[in-house]
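Engineer: show me how the following folds:
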Amino acid sequence: MADEADRAQEREEQQRADALAAQARRSQTDGVEHEFCTKCEDPIPPARRVALPGVELCVECAERGERTNKLRGR
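Structural biologist: Below is the predicted model:
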């Protein structure tokens, strides 16, 4: 008979598996590698493209979008 600690461990393992699966889904790309920002058309540095597969925005446009979202409360 499983006790409370066993059930808690099972829940934790399931949550970890779910989180890893979600991360894997987020990291999948549509096969398109953007060399240029889709907003301003400036080049996206190779190191950024390697660190964030499927990235579509340069650092400046990504930061601008984050600031805008923060101001809007998102």
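Engineer: contacts only, for G65.
Structural biologist: Contacts for G65 (CB atoms under 8 Å, 6 or more residues apart in numbering) come out as L57. C-beta here means a position set from N, CA and C on the backbone, and glycine is covered the same way.
Engineer: nope, E10 is what I meant
Structural biologist: A2 are the contacts of E10 under CB under 8 Å, 6+ apart.
Engineer: okay, it: pLDDT?
Structural biologist: You'll see E10 listed with a pLDDT of 93.
Engineer: any idea how this structure splits into domains?
Structural biologist: 1-30, 31-74 (automatic domain parsing).
Engineer: what's the least confident stretch among these?
Structural biologist: Taking the mean pLDDT of the domains of the chain, domain 1-30 comes last: a mean of 81.
Engineer: quick one on the thing from earlier: and the domains of the chain, which is most packed in?
Structural biologist: Neighbour counts (mean count of other CB atoms under 10 Å) averaged over each of the domains of the chain peak at domain 31-74, with a mean of 12.
Engineer: quick one, helices of the protein?
Structural biologist: Taking DSSP state H as the test, the helices found in the chain are 4-27, 46-51, 59-71.
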